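Asker: predicted coordinates and the sequence they were generated for:
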Amino acid sequence: MKVLVTGGGGFLGGEIVRQLKEAGHEVASFSRQHHKYLDTLAVTQLTGDLTSGGEALSSAVNGCDAVIHCASLASSWGSWDTFYRINVEGTMRVLEACQKAGVKALVYTSTPSVVFNGQDMEGADESAPYPKNYEANYPATKAMAEQLILKSNSPTLRTIALRPHLIWGPRDTSLTRRIIEQGAAGKLRRIGEKSKLVDTTYISDAAYAHILAMEKLLSTPEEAQKVAGKPYFITGDSPVPTWEIMDKILAAAALPPVKKTISKKAALIAAAMTESYWKVSSKGQEPTLTRWVVNELSTAHWFNISAAKRDLGYEPKVSVEKGLLLLSEWIKNGGQKEFLADKN
């Protein structure tokens, strides 16, 4: 099949592209810039801005059987206008292009944060409602985009939304990189006395779930109907304490564990002060701490993925232990230094 991956140069998008190529599909990536990693996979790279739509996006989508929409702005900080333009309007443009081109299947990368209400989520499934209010612009705009995708499901364009939780592994410039960099700088602090359980998803499993979803949407009408228009949580199905997984990622990079602790109340005060400073200082980068991040790190996040197992045939293949070995091996072989040199 011919498949377009938006954000194919990113962490998740790049692995989806790799697995699609390995399966023998004709694959193209649509991103804002050219990526050296994709050159190694010999895939077609198309560049453009999703938010403007236009000829570049229309040409990229034309002739495709399926589109996997990974591109988004994922951050704990930023203006509403920027998040809305990229995450919501960008998704609108992708939908419009797919509908116009007669694309049969659209897989959307969402996040469990779309249903996070600030409280513990223990064994939550897809029946969890969207909260009335969000603590950050990222989950708010991702929720809007997810609902847009699901409501647009039709017999001619089948849609699905996947919610992979805490994707990590080699080539990660977000979660894994931040843990390692802040750990090396001695900036990490345990928040609260209790470490809550969280689900994580190894990168290859997250990508595999997207391909399974695409295949289901493109199968028989009866099979497609079971999953079309629905969201699915995706995890490694093995919850671990938050700070335990962080310490293990640090150990994979030959760094010591996090030993210092700060109370949640103190962390929220520090985060509020940091946010206030960032607002007046016009700093462009993400703050070192936000209240949303504090609440994420101090609450439980593990999910019931029986729906994904039943409907998509998804089963995680890489355990936390195996993933840590692969990450450690990649770092020891210089993969992290080479990758960050390319990114920077």
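Answerer: That came in fine, so what should we check first?
Asker: quick one: distance of stretch 114-133 to the chain centre.
Answerer: Offset of stretch 114-133 from its chain centre (Cα atoms, centre = their mean, to the nearest Å): 17 Å.
Asker: and for stretch 321-335?
Answerer: 20 Å.
Asker: over to stretch 186-196?
Answerer: Distance of stretch 186-196 from the chain centroid (Cα atoms, centre = their mean) equals 23 Å.
Asker: next, the distance between the ends of that stretch.
Answerer: 22 Å (Cα to Cα, to the nearest Å).
Asker: what does stretch 99-112 give?
Answerer: 26 Å.
Asker: run the chain-centre distance for that stretch.
Answerer: 15 Å.
Asker: list the buried residues of it.
Answerer: Ala101, Val103, Lys104, Ala105, Leu106, Val107, Tyr108, Thr109, Ser110, Thr111, Pro112 (16 or more other Cβ atoms under 10 Å). (Glycine included, C-beta is placed from N, CA and C.)
Asker: repeat that for stretch 285-294.
Answerer: Buried, per 16+ other Cβ under 10 Å, within stretch 285-294: Pro287, Leu289, Thr290, Arg291, Trp292, Val293, Val294.
Asker: got it, and stretch 261-268?
Answerer: Of the residues in stretch 261-268, Ile262, Lys264, Ala267, Leu268 count as buried by neighbour count, 16+ other Cβ under 10 Å.
Asker: mind putting those into CSV with pLDDT and distance to Ala140?
Answerer: CSV is the format used below for those (pLDDT from 0 to 100; distance: Cβ to Cβ, whole Å):
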residue, pLDDT, distance to Ala140
Ile262, 92, 27
Lys264, 89, 23
Ala267, 89, 22
Leu268, 89, 19
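Asker: now intersect those residues with the helices, please.
Answerer: Among the buried residues of stretch 261-268, the ones falling in helices (DSSP state H) are Lys264, Ala267, Leu268.
Asker: my guess is the last one contacts Val294, does it?
Answerer: Spelled out, that is Leu268. Yes: counting by Cβ atoms under 8 Å, Leu268 touches Val294, with 5.4 Å between them.
Asker: how many neighbours does Thr242 have?
Answerer: By the other Cβ atoms under 10 Å criterion, the neighbourhood of Thr242 contains 24 residues.
Asker: so it sits against Thr299, correct?
Answerer: No: when contacts are counted by Cβ under 8 Å, Thr242 is not listed as touching Thr299 (9.0 Å).
Asker: residues contacting the closest residue in space to Ile262 that isn't next to it in sequence?
Answerer: Spatial nearest neighbour of Ile262, chain neighbours left out: Arg189 (4.5 Å); criterion: Cβ to Cβ, 6 or more residues apart in numbering. Neighbour list for Arg189: Val258, Lys260, Thr261, Ile262, Ala267 [criterion: Cβ atoms under 8 Å, 6 or more residues apart in numbering].
Asker: as TSV, those residues with distance to Met246 would be great.
Answerer: Shown next, in TSV, are the contacts of Arg189 (distance: Cβ to Cβ, whole Å):
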residue	distance to Met246
Val258	6
Lys260	13
Thr261	13
Ile262	14
Ala267	15
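Asker: neighbours of Pro155, how many?
Answerer: Neighbour tally, Pro155, other Cβ under 10 Å: 10.
Asker: what's the distance between it and Lys332?
Answerer: Look at Pro155 and Lys332: by Cβ to Cβ, to the nearest Å, they are 51 Å apart.
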